[in-house]
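J.: Got a sequence here, can you model it:
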Amino acid sequence: MNFDKGVNFTAGLPIVRTSPDHGTAFDIAGKGIANAQSTIEAFNFAKLILKNR
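T.: This next block holds a predicted model:
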């Protein structure tokens, strides 16, 4: 539904772990067509989690 902003979060770990919802996108690696927005969202969500610990 929201491919460019989807984020995975793994709870219960001693560290904060987030990742883009779409995975690694190996099929488009090196083609210059990847959209980094989901990675940026994962980073921002990790910051939010750390801020609210």
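
J.: And the strands in the chain?
T.: 7-10, 17-20 (DSSP state E).

J.: Including mean neighbour count and mean pLDDT, could these go into TSV?
T.: C-beta here means a position set from N, CA and C on the backbone, and glycine is covered the same way. Formatted as TSV, the strands of the chain follow (neighbours: other Cβ atoms under 10 Å; pLDDT from 0 to 100):
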stretch	mean neighbour count	mean pLDDT
strand 7-10	14	94
strand 17-20	18	93
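
J.: TSV for the ones you listed, including distance to Asn52?
T.: Formatted as TSV, those follow (distance: least, Cβ to Cβ, whole Å):
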stretch	distance to Asn52
strand 7-10	13
strand 17-20	14
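
J.: what sits up against stretch 13-26?
T.: Defining contact as Cβ atoms under 8 Å, 6 or more residues apart in numbering, one finds that stretch 13-26 is touched by 3, 6-10, 34, 38-39, 41-43, 45-46, 49-50.

J.: And the residue of the chain positioned farthest from its centre, what's its pLDDT?
T.: What lies farthest from the middle of the chain is Lys31; by Cα atoms, centre = their mean that is 20.1 Å. In this model, Lys31 is scored at 96, pLDDT.

J.: ok, now which ones touch it?
T.: If you count contacts by Cβ under 8 Å, 6+ apart, Lys31 has none.

J.: what's the distance between it and Pro14?
T.: 37 Å (Cβ to Cβ, to the nearest Å).

J.: Over to Phe26?
T.: With Cβ to Cβ as the criterion, Phe26 and Pro14 are 29 Å apart.
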